[in-house]
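[1] the following block contains a protein sequence and its predicted model.
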Amino acid sequence: MLDTTDPTPAIEEGAGLGVLREVFGYEAFRGEQAAIIQHVLAGRDALVLMPTGGGKSLCYQVPAIARHRAGRGVTLVVSPLIALMHDQVGALEESGVHAAFLNSTLDGDEARQIERELLAGRLVLLYAAPERILTPRFLAMLDSLHERGLLSLVAIDEAHCVSQWGHDFREEYLGLSVLHERFPGVPRIALTATADDHTRHDILERLQLQDARAFVASFDRPNIRYTIVEKVDPRAQLLQFIRDEHDGEAGIVYCASRKKVEETAEFLRRQGIAAWPYHAGMESDVRKANQDRFLREDGLVMVATIAFGMGIDKPDVRFVAHLDLPKNIEGYYQETGRAGRDGLPADAWMTYGLADVVNQRRMIDDSPAAEEFKRVQRAKLDALLALAEGLDCRRVRLLSYFGQASRPCGNCDNCLQPPAAWDATEAARKALSCIYRFRQHSGLGFGAVHLIDVLRGKATDKVHQHGHDRLSTFGIGEDLSDAQWRGVLRQLIALGHLASVGEYGTLELTASARAVLKGDASLMLRVPAVPVATRKARATGRTKAVPMPLDELAAGRFVALKAWRAAIAREHNLPAYVVFHDATLAQMAREQPDSLTALAGISGIGSKKLQAYGPQILRVLQEAA
């Protein structure tokens, strides 16, 4: 077994905390950060599972800076997205840390200059995508660094991309094990926000991190409110949700198809909401321009496929909405985790209907993948369906999926407005009997719409054509509405008692349907509730998310500081939050420091930013007063 422990002398224990305070302006680490950073500073491998917004980046940036100061050289950061590289490098440079990226946005002269900086050991961190890292030219540069003892650390961000079981598998990540084989003495840290047991095992195996220590932080994001509503008119439901709860605030809306992205963004714009589309089919310059607007401007809504989001560090996203069901809980958790990274109240809202269940099951069944892969994906989908259909606390189910026990949160739709349940066993038996009689009568299968018409006794042309108005099951379900029947069928498919097959979604009985037909299995369904989110609820309780309470004068100073920050961000071509987070500005506005010494005590102001911006900030505060 190879020894991956760094042979050079240990770095002093307080080095990490010193970097945190001096460079980033924070007094103390959060959660597992201190233990992770000390472990990496000691030259050991680590696997870090930490939720979005939990401070993963500091877990490799702080060791990178401390190790560089100790003469260990450069940290290589494997990053899958250009936007993420750009913003993280910009934030580090703002804090006085020499960092760079190598990607396709650079011209030849720029790339060669960065390579010279790299080989000279002057860079603290270098960001690059896996496909570039694995080229012979790049590996040769790493060889040169390693031979001179200047390859300090390898950080593999978004490590779940290496796993075929995960929600965002990227084949180019598979080759990253070469870094361990080629540079066995260089410590590595792999980081991800989401990974169930299958995915964790895959990360450890594929990256050869079997001897790494795993750090698993709490997956709970208590500031996020989870709400799942039955899909009726999804665009109208989305519009009401945004207007009632998040008017003028930043948000992300996820859709399953590019066409739906375009149509939803256009619909929201027609309703007066600043919304922009993002998907892989757009021209790259338009897609980039839309993403830049979202990151740099306030109150915009991005409507996107899952192509958008990984590495988005925007802290003030107040809501994430899903108009379609994701593939699994890992995807859902990571996407919803892009809301409320600043720790302030945020919403994860989703519409969910029968077609979602049918489409997701069909995509798995029709996939050319191996049966073992399909089996795992079905189990992952089943867990997500259980979350959507469940009558208990959403957060308890969500955290349980990741192996974390918890108590009812009091801040999800099921906790705030406990759903009523009804015994749908007899209704399920009627539906299954009707499907059975379709096959007996004509040997044909039919979809959900036709089945509901027969159950409710609707004499449509199609019902007459097939003679289904003469079946004994015609009209036996007229006591339930169309919506109630869709709920019954959705649950039957979710539980595996029904399968939707073929291009037209023909409903077929499965082996387990027999137990329901015989009355050996019961079915309890939720009664759709009136949505919690209303303008009245906002007016009487929940208010706009603010970093901290500010009186009228302090609020005026806060506005002035945000205007100054926006100008600096435009000048440096960076998102505003890279300059300073809202929480830092709010603390300045409330405490109104009148000297550089007092300003240095504000959380989030490191030495470089104090030197660069201190006099300007004091002037803005003085003028606002």
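    Right, received. Where do you want to start?
[2] show me the shaky parts of the stretch 301-450 of the chain.
    307, 309-311 (pLDDT under 70).
[3] and the stretch 51-200 of the chain, by the same measure?
    In the stretch 51-200 of the chain (pLDDT under 70), the answer is 165-167.
[4] 80 instead?
    52-54, 82-83, 164-169 (pLDDT under 80).
[5] show me where it has helices.
    All helices of the stretch 51-200 of the chain, identified by DSSP state H, counting those that start in this stretch, fall at 56-69, 82-94, 108-119, 130-133, 136-147, 177-182, 197-206.
[6] for the stretch 401-550 of the chain, same thing?
    With DSSP H, counting those that start in this stretch as the criterion, the stretch 401-550 of the chain has helices spanning 413-416, 425-442, 448-455, 461-465, 482-494, 513-517, 535-540.
[7] then stretch 70-84 to CSV, C-alphas only?
    The C-alpha trace of stretch 70-84 is given here as CSV (Å, rounded to 0.1, in the frame of the first residue of the first chain):
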residue,chain,number,x,y,z
ALA,A,70,5.5,27.0,4.0
GLY,A,71,7.2,26.5,0.6
ARG,A,72,5.1,23.5,-0.5
GLY,A,73,4.2,25.1,-3.9
VAL,A,74,0.9,25.2,-5.8
THR,A,75,-2.5,23.5,-5.2
LEU,A,76,-4.2,22.1,-8.2
VAL,A,77,-8.0,22.4,-8.1
VAL,A,78,-10.0,20.2,-10.4
SER,A,79,-13.2,22.1,-11.3
PRO,A,80,-15.8,21.2,-14.0
LEU,A,81,-17.1,24.7,-14.9
ILE,A,82,-15.6,27.8,-16.4
ALA,A,83,-17.9,30.1,-14.5
LEU,A,84,-17.0,28.6,-11.2
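[8] coming back round to it: which of the helices of the stretch 51-200 of the chain sits most buried?
    helix 56-69 (a mean of 24; mean count of other CB atoms under 10 Å). In short, each C-beta sits where N, CA and C put it, glycine included.
[9] quick one: contacts for Glu262?
    Pro277, His279 (CB atoms under 8 Å, 6 or more residues apart in numbering).
[10] list the buried residues in the strand or helix carrying it.
    Per DSSP states H and E, Glu262 falls inside helix 258-270. Under the neighbour-count criterion of 16 or more other CB atoms under 10 Å, helix 258-270 has Arg258, Lys260, Val261, Glu262, Thr264, Ala265, Phe267, Leu268 buried.
[11] over to stretch 458-471?
    Lys458, Val463, His466, His468, Asp469, Leu471.
[12] how about stretch 94-109?
    Those would be Glu94, Ser95, Gly96, Val97, His98, Ala99, Ala100, Phe101, Leu102, for stretch 94-109 by 16+ other CB under 10 Å.
[13] need the contact partners of it.
    So stretch 94-109 is in contact with 23-24, 61, 65, 79, 82, 85-86, 88-89, 92-93, 111, 114-115, 117-118, 122-129, 132, 138, 572, 574, 578-579, 606-609, 612, going by CB under 8 Å, 6+ apart.
[14] at 6 Å what do you get?
    23, 65, 82, 85, 89, 92, 114, 123-128, 606, 608 (CB atoms under 6 Å, 6 or more residues apart in numbering).
[15] which of those residues sits closest to Ala321?
    Ile82 (25.5 Å; CB to CB).
[16] spit out the contact partners of the closest one.
    Asn103.
[17] switch to 8 Å and redo it
    By CB under 8 Å, 6+ apart, the residues touching Ile82 are Phe101, Asn103, Ser104, Thr105, Ala129.
[18] tell me how far it lies from Leu17.
    32 Å (CB to CB, to the nearest Å).
[19] ok, back up a step: dump the helices of the stretch 401-550 of the chain into a markdown table; add distance to Gly54 as well.
    Listed next are these as a markdown table, based on distance: least, CB to CB, whole Å:
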| stretch | distance to Gly54 |
| --- | --- |
| helix 413-416 | 23 |
| helix 425-442 | 42 |
| helix 448-455 | 41 |
| helix 461-465 | 53 |
| helix 482-494 | 31 |
| helix 513-517 | 43 |
| helix 535-540 | 28 |
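[20] between those, which one is nearest to Ile306?
    Among the helices of the stretch 401-550 of the chain, helix 482-494 sits nearest to Ile306 (CB to CB), with 21.6 Å.
[21] from the contact counts, what lies against that closest one?
    When contacts are defined as 3 or more CB pairs under 8 Å, 6 or more residues apart in numbering; DSSP states H and E, helix 482-494 sits against helix 354-365, helix 371-389, helix 425-442, helix 448-455, strand 498-501, strand 524-526.
[22] same list (the ones you listed) but as TSV, adding distance to Gly331 and mean neighbour count.
    Shown next, in TSV, are the helices and strands packed on helix 482-494 (distance: least, CB to CB, whole Å; neighbours: other CB atoms under 10 Å):
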stretch	distance to Gly331	mean neighbour count
helix 354-365	11	19
helix 371-389	9	17
helix 425-442	29	18
helix 448-455	25	22
strand 498-501	21	22
strand 524-526	23	18
